[in-house]
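Peer 1: Just a sequence and a predicted model for now, questions to come.
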Amino acid sequence: MALRLAGEPFLALRGADAQGWLREIAVLDSLPGLKINQQGTGRVFDFQDGGSSKMYLPDGGNVTLASALTVQVPTAGANPIVIQTEGSATGQTVVFQESANANSNVALRFRKSEGSLAAPAATLVSRTISSIGFQGYDGSAWQTSAYLDAVVEGTVAAGKVPARMQFATMNDSGVFAERWRITSAGDLQARDGNLDLNSKYLSNGVLGSALNFNGQGLTGGGTFTGTMTFSAKPGITVSVASQGFMNVPIATAVPSAPADGDLWIENIAGTRKLAVRIAGVTYSVTLT
């Protein structure tokens with residue numbers, strides 16, 4: 001058996017000794033090295049440093065890490081880590097699994113900082129922390145069809161790096177644009193697209209503060225059914241076109257503590273009124 005290092009002649013090896021080391025000269029177990037078929041361990045390959053395992057391949061075929069694994073790629077140019085397969089009818093899956101009797105879980109984390117690995121610095125505002133892209137092949141090149149970005153938004157300080165989530169897609173005309181955004185404050189914004197429920201229901205929705213169409217119209221001829229309940233009296237501005245109608249609930253009891261500007265319709269004990277509150281006084285007219 002022989003081992004060849006790049007640029008060096010073949011080095012004859014005596015084979016594995018009782019400790020599993022490939023030896024040509026006397027070595028110590030504390031030195032970095034590779035053990036092959038180490039006796040009594042069931043390990044085919046065992047990469048060690050300082051007498052401790054760092055990564056090993058057991059007889060079962062699974063690569064096992066003895067501690068955290070850090071993979072560092074060169075900084076010059078694009079050097080992606082690629083996991084690929086070919087000829088599979090069912091596709092491939094990357095699985096992260098943990099089995100434990102505890103409230104713990106596996107996690108996939110993406111990190112971004114300024115500075116260097118040895119001395120990271122605070123991430124700057126508007127930096128993309130990370131991007132998850134989805135690509136398809138157009139016959140000659142890979143094209144990004146959609147992506148999900150996390151972008152720093154707001155003031156970075158000790159204990160906080162606020163960020164927004166951006167969703168982008170490419171349409172049938174080849175135009176790639178951000179369609180939806182979740183801000184660092186939790187607002188859901190339509191950027192270049194519409195809220196299309198496709199004949200489905202938006203049920204039991206709770207609006208934290210406001211429904212803001214940002215100057216856009218609510219169109220499409222859809223029908224709101226059921227009850228819309230406001231936790232506080234809303235300020236509503238209505239523009240009704242010719243022959244248009246606005247339908248409002250009818251009060252069956254006198255409103256308690258109405259505020260200036262409140263407008264309501266009453267139907268109490270057969271008496272119908274249109275009322276408004278102005279300067280602390282309620283004015284009403286009886287409808288006949």
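Peer 2: Received the coordinates, thanks.

Peer 1: what about stretch 257-274, start to end distance?
Peer 2: By CA to CA, to the nearest Å, the extent of stretch 257-274 from end to end equals 17 Å.

Peer 1: Show me which parts of it are buried, residue by residue.
Peer 2: 258, 264, 266, 273 (16 or more other CB atoms under 10 Å). From N, CA and C alone the C-beta is placed, and that goes for glycine too.

Peer 1: okay, those residues in CSV with secondary structure and pLDDT next?
Peer 2: Formatted as CSV, these follow (DSSP: H, G, I helix; E, B strand; the rest coil; pLDDT from 0 to 100):
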residue, secondary structure, pLDDT
258, coil, 88
264, strand, 89
266, strand, 92
273, strand, 93
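
Peer 1: Widest-spaced pair of these?
Peer 2: Greatest spatial distance among the buried residues of stretch 257-274 (CB to CB): 258 and 273, at 12.8 Å.

Peer 1: got CSV for the buried residues of stretch 257-274, with distance to residue 178 too?
Peer 2: Formatted as CSV, the buried residues of stretch 257-274 follow (distance: CB to CB, whole Å):
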residue, distance to residue 178
258, 44
264, 42
266, 48
273, 50
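
Peer 1: between these, which is nearest residue 148?
Peer 2: For these, the minimum distance to residue 148 (CB to CB) is 46.0 Å, reached by residue 264.

Peer 1: My read is that the closest one contacts residue 253, right?
Peer 2: No - Residue 264 sits out of contact with residue 253 when judged by CB atoms under 8 Å, with a separation of 10.8 Å.

Peer 1: Same question for stretch 117-137: list its buried residues.
Peer 2: Across stretch 117-137, burial judged by 16+ other CB under 10 Å covers 123, 127.

Peer 1: tell me the mean pLDDT for that stretch?
Peer 2: The pLDDT scores in stretch 117-137 average 96.

Peer 1: what residues does that stretch touch?
Peer 2: Stretch 117-137 has contacts (CB atoms under 8 Å, 6 or more residues apart in numbering) with 72, 110-115, 142-156, 161, 163.

Peer 1: Filter the residues you listed down to just the buried residues.
Peer 2: Buried members of these, counted by 16+ other CB under 10 Å: 147, 149-153, 161, 163.

Peer 1: got the residue ranges for the strands in the stretch 151-288 of the chain?
Peer 2: In the stretch 151-288 of the chain, strands defined by DSSP state E, counting those that start in this stretch lie at 163-170, 176-182, 188-190, 250-251, 263-268, 271-278, 281-286, listed in chain order.

Peer 1: Of those, which stretch is the most buried?
Peer 2: strand 163-170 (a mean of 18; mean count of other CB atoms under 10 Å).

Peer 1: What strands flank that strand, and is each parallel or antiparallel?
Peer 2: strand 142-152 (antiparallel), strand 176-182 (antiparallel) (DSSP bridges).

Peer 1: Mind putting those strands into CSV with mean pLDDT and distance to residue 286?
Peer 2: Below are these laid out as CSV (pLDDT from 0 to 100; distance: least, CB to CB, whole Å):
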stretch, mean pLDDT, distance to residue 286
strand 142-152, 96, 59
strand 176-182, 92, 50
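
Peer 1: Residue 57: which of these is closest?
Peer 2: Across those, residue 57 has its closest neighbour in strand 142-152 (32.7 Å, CB to CB).

Peer 1: Residue 256: how many residues sit nearby?
Peer 2: Here the number of neighbours of residue 256 (other CB atoms under 10 Å) works out to 5.

Peer 1: Please tell me how far residue 111 sits from residue 164.
Peer 2: Distance, residue 111 to residue 164, using CB to CB, to the nearest Å: 17 Å.

Peer 1: in the sheet, who's paired with residue 163?
Peer 2: Note on residue 163: beta-bridge partners by DSSP bridges are residue 152.

Peer 1: Pull the contacting residues for it.
Peer 2: Here residue 163 is in contact with 129, 150-154, 184 (CB under 8 Å, 6+ apart).

Peer 1: That one and residue 123, how far apart?
Peer 2: 9 Å.

Peer 1: quick revisit: tell me the one among the buried residues of stretch 257-274 nearest to residue 283.
Peer 2: Nearest to residue 283, judged by CB to CB, of these is residue 273 at 10.0 Å.
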